[in-house]
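**Student:** Quick check, what structure comes out for this input:
(chains A, B, C and D)
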2 protein chains.
Amino acid sequence: MTPTQTLLSNLAKPAQAFSKAEQKVADAILANPELTTRLSIARLAQSAAVSEPTVNRFCKRLGATGFPDFKLKLALSLASGARFINSAVAEDDTAPTFTPKIFNASIHALEKTRDSIDTQLIHRVIDEVVQSKRIYFFGQGNSGPVAQDAEFKFFRFNTPVSAHQDPLMQRMLAAAAKPGDLFVIISYTGRTIGLVETARLARDSLATVISITAPASPLARASDLAITLDVGEDTDEYLPMTSRLAQLTLLDVIATGVTLRQGQGHLTAPRAH
Amino acid sequence: MTPTQTLLSNLAKPAQAFSKAEQKVADAILANPELTTRLSIARLAQSAAVSEPTVNRFCKRLGATGFPDFKLKLALSLASGARFINSAVAEDDTAPTFTPKIFNASIHALEKTRDSIDTQLIHRVIDEVVQSKRIYFFGQGNSGPVAQDAEFKFFRFNTPVSAHQDPLMQRMLAAAAKPGDLFVIISYTGRTIGLVETARLARDSLATVISITAPASPLARASDLAITLDVGEDTDEYLPMTSRLAQLTLLDVIATGVTLRQGQGHLTAPRAH
DNA sequence: CGTATAAATGTATTTTTATTACATGTCTGT
DNA sequence: ACAGACATGTAATAAAAATACATTTATACG
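**Tutor:** Numbers count the residues shown, from 1 in each chain, chains lettered A, B, ... in the order given. Sure thing, here's the model as predicted:
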C-alpha cells in the first residue's frame, strides 16, 4: 500500500551512517523539506555547501534514481505526513510535540485503511445490511463503544438495530438468532474466544455474520463476510490504538452506502449533544 | 490547510475549455497520472502526440510555473487522494467512489483539529487530570460512546474513573461531587441543557469541569476549562459526523500526556477485542 | 466566399538542470 | 609515514525545459 515513503524518516534517523558531506545535505533538506522539493540540484548543493555530485550521490544512496526522482519521493513523503509517522512519542515529549504525533498516527491509520479497503466487499456488506430484518452490533472492551456508535448511526434506517457489549447477552442473542438477522461483530484481534463462538452460534442459527477484524483471524474465518483492517502494529509504546478510528469510519462508509442504496437520503439527522 | 491540490480534479473536469492539443495532453496525463509524474516533458509530449511547448503551456495554464512544478503538484494531488477531496458524496456514488470520500472527510477533520489545538490548554487539562482524585466522563447520544471509550483509556491510571451516558445519573453524580473530582463533559454542540446544568452543579460542588465541545457554547462557558473543537459544519448531506473522531483522538492525546507526566509509561496495556 | 486577424501549435534555439568521468583530497590501518 | 580505500570536488557532457519565433489553423467580417 503505502509505497516507499520512508524517505524522510530515513533522513532524520540518526542511525544513518552518512558521511560528513552527506550529513550536510541531509541537514539542509531537513531544514526545509518543502522548499527542497522545488529547488534545483545546484541550489541545494549551494545551501548545503557541498558540490552537486555529492547531492546526486546522496539521492542515489537513499534509493532514488537521481535528483528529480528524489524530489518526487520527498514530496510524496511530505504529503503523507510522514514527517511525524514513525516518530514515536518519547519520554521527553511535551504537549506541543506529542499532540501532532498522535493526530498524525490517527490520520495515517485512516489513510492506510482507505488505501487498502476492498470496495467490492463493502458493496456486498451493504447488500447484506439492506436485506437484513434485524441488526446486532457486538463489541467487547475497546470495541464496545464502536458497536454502540454504530447503533446510533444505523438507528436512522428502518431496520431494528441494537448494540451489545455484554458477552453473555451477545451469546444469548446469537443462540436465539433467526434467518434475516445480521450480526456485525467488531474485534481488533479477532481472537477473543467468546466472540468467535458467538459468531458460530449465529451462523448455526442461519443468521448472517459480518466481522470487522484482523486479517486471517479465527473470527474472520468464522464469518460470512469479514472486513479486515490491518491498521498496523501499534508497536509504539506511547501511541494509543488507532484501530477504533478505522472501524468507526468504516461503519460510516457502510451506513452511507446503505443510505445511498435506499435512495432516500438523509444521514443529516438531528445531531444533538 | 489543504493547498492547491485541485489539479487533478481540474484536469478531469469536462467543463474545462481546453484546445484540441491541450485536450490531448490532458487525456495522456489522465491515462496514467502516476506515470506522468516521472516522465520528461519530451516523453509526455510524445505520448500525447503534441509538441513540447504545448505541454509546457498546458502546465502554465493550470497554474504551475512550468513542467517540473506541474509534476510536483500532480504527485501531491495524487498522494493526498485529492481526486476525491472537496467532492461531496452524491446520489450516484458507488462504493469505490464514496469510500475514499468519507475517509478523506475524516482525515481532513483530524488534520483541521490537529492544526487548531491549543497545546497550552492541553497542558493544563493534563495537570487537572493528574491532580484529580476521581474522573467522570459524561456524554449523551453520539458522544456517549466517546465517553465510554475514554473510560477504557483512563482505566489504566491509578485514579478511579467511570463513564456515564444517562442524564439522570450524570446529574446525580454532579450534585454529589466533591473537591478533587474531575468531570469531563463531551458534547458536540455544547447546547444540551441537561449537560450545561450538570456542569454548573458540579462546579457548585467545587469539583473541576472540563468540556470538549463547541467554541463559545454555553457548556464551554460553564466549564473551568473548555477544549473547543471546530471540526467544520458537517454541511454535506451524505457525509457523516467527523467530530467523534476528533474527540476520540483528543482524549488519546490527553491520556498520552498523563502517561508521560506520570513517567511510568505503558499505554501498551493488553489490547484485547 | 475570401481575406484579415487572432489564436493555436510546432520548429529551432537557448538556457537551465542533472549526470558522468575523472582528478584531487582525506581518512584508516599498519 | 605510507598504501589503499573512500570521500569529495572540478570540469565536461548529456538531458531536460523554456523561450523566441515561424507556421498553421480557426474565426470574424465584409
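
**Student:** check contacts around A:Phe58.
**Tutor:** With contact taken as C-beta atoms under 8 Å, 6 or more residues apart in numbering or on different chains, A:Phe58 is in contact with A:Glu22, A:Val25, A:Ala26. (C-beta placed from N, C-alpha, C; glycine too.)

**Student:** before we move on, what SS does the most centrally placed residue in chain A have?
**Tutor:** The centre of chain A sits closest to A:Ala109, judged by C-alpha atoms, centre = their mean, with a distance of 2.9 Å. Secondary structure assignment for A:Ala109 (DSSP: H, G, I helix; E, B strand; the rest coil): helix.

**Student:** Would you map the strands across the stretch 101-250 of chain A?
**Tutor:** Under the criterion DSSP state E, counting those that start in this stretch, strands of the stretch 101-250 of chain A are mapped to A:134-139, A:161-164, A:181-186, A:208-213, A:225-228.

**Student:** Disregarding residues adjacent in the polypeptide, which is nearest to the residue nearest to the centre of chain A?
**Tutor:** Spatially, and ignoring its direct neighbours in sequence, A:Ala109 is nearest to A:Thr242 (3.6 Å; C-beta to C-beta, 6 or more residues apart in numbering or on different chains).

**Student:** what's the answer for A:Pro160, then?
**Tutor:** Sequence neighbours aside, A:Arg134 is the residue nearest to A:Pro160 in space, at 5.2 Å (criterion: C-beta to C-beta, 6+ apart).

**Student:** Could you list the low-confidence segments of chain A?
**Tutor:** A:1-17, A:80-88, A:231-240, A:263-273 (pLDDT under 70).

**Student:** Would you mind giving the domain segments of it?
**Tutor:** Taking automatic domain parsing as the reference, chain A has its domains at A:7-83, A:112-262.

**Student:** most packed of the ones you listed?
**Tutor:** domain A:112-262 (a mean of 21; mean count of other C-beta atoms under 10 Å in any protein chain shown).

**Student:** Quick one: end-to-end distance for that one.
**Tutor:** Between the opening and closing residues of domain A:112-262 lies a distance of 29 Å (C-alpha to C-alpha, to the nearest Å).

**Student:** Distance from the chain centre to it, please.
**Tutor:** Centre-to-centre, domain A:112-262 and its host chain are 16 Å apart (C-alpha atoms, centre = their mean, to the nearest Å).

**Student:** hang on, A:Leu245 packs against B:Leu250?
**Tutor:** No - using C-beta atoms under 8 Å, A:Leu245 is not in contact with B:Leu250; the gap is 11.9 Å.

**Student:** can you pull out the helices in chain A?
**Tutor:** A:7-12, A:20-31, A:33-36, A:41-48, A:52-61, A:67-79, A:95-116, A:119-131, A:144-154, A:167-175, A:193-204, A:218-221, A:243-262 (DSSP state H).

**Student:** who's in contact with A:Pro145?
**Tutor:** Counting by C-beta under 8 Å, 6+ apart, A:Pro145 has contacts A:Gly139, A:Arg244, B:Pro145, B:Val146, B:Gln148, B:Asp149, B:Phe152.

**Student:** Also A:Glu197?
**Tutor:** A:Arg171.

**Student:** I'd like the distance between it and DNA strand D.
**Tutor:** Noted for A:Glu197: a distance of 59 Å to DNA strand D, by C-beta to the nearest atom of the strand, to the nearest Å.

**Student:** Could you measure from that residue over to A:Asn142?
**Tutor:** Going from A:Glu197 to A:Asn142 by C-beta to C-beta, to the nearest Å gives 20 Å.

**Student:** Over to A:Gly257?
**Tutor:** Distance from A:Gly257 to A:Asn142, by C-beta to C-beta: 25 Å.

**Student:** Then A:Thr159?
**Tutor:** 26 Å.

**Student:** ok, now A:Ala31?
**Tutor:** Counting by C-beta to C-beta, the gap from A:Ala31 to A:Asn142 is 40 Å.

**Student:** Spatially nearest residue to the residue of chain A found nearest DNA strand C (excluding sequence neighbours)?
**Tutor:** DNA strand C sits closest to A:Gly66 of chain A, with a gap of 1.9 Å, by C-beta to the nearest atom of the strand. Distances taken as C-beta to C-beta, 6+ apart place A:Cys59 nearest to A:Gly66, at 6.2 Å, with adjacent residues excluded.

**Student:** again with A:Arg261
**Tutor:** Per C-beta to C-beta, 6+ apart, closest to A:Arg261 is A:Val130, 5.4 Å.

**Student:** what sits against the one you found?
**Tutor:** Taking C-beta under 8 Å, 6+ apart as the test, what A:Val130 contacts is A:Val258, A:Arg261, A:Gln262.
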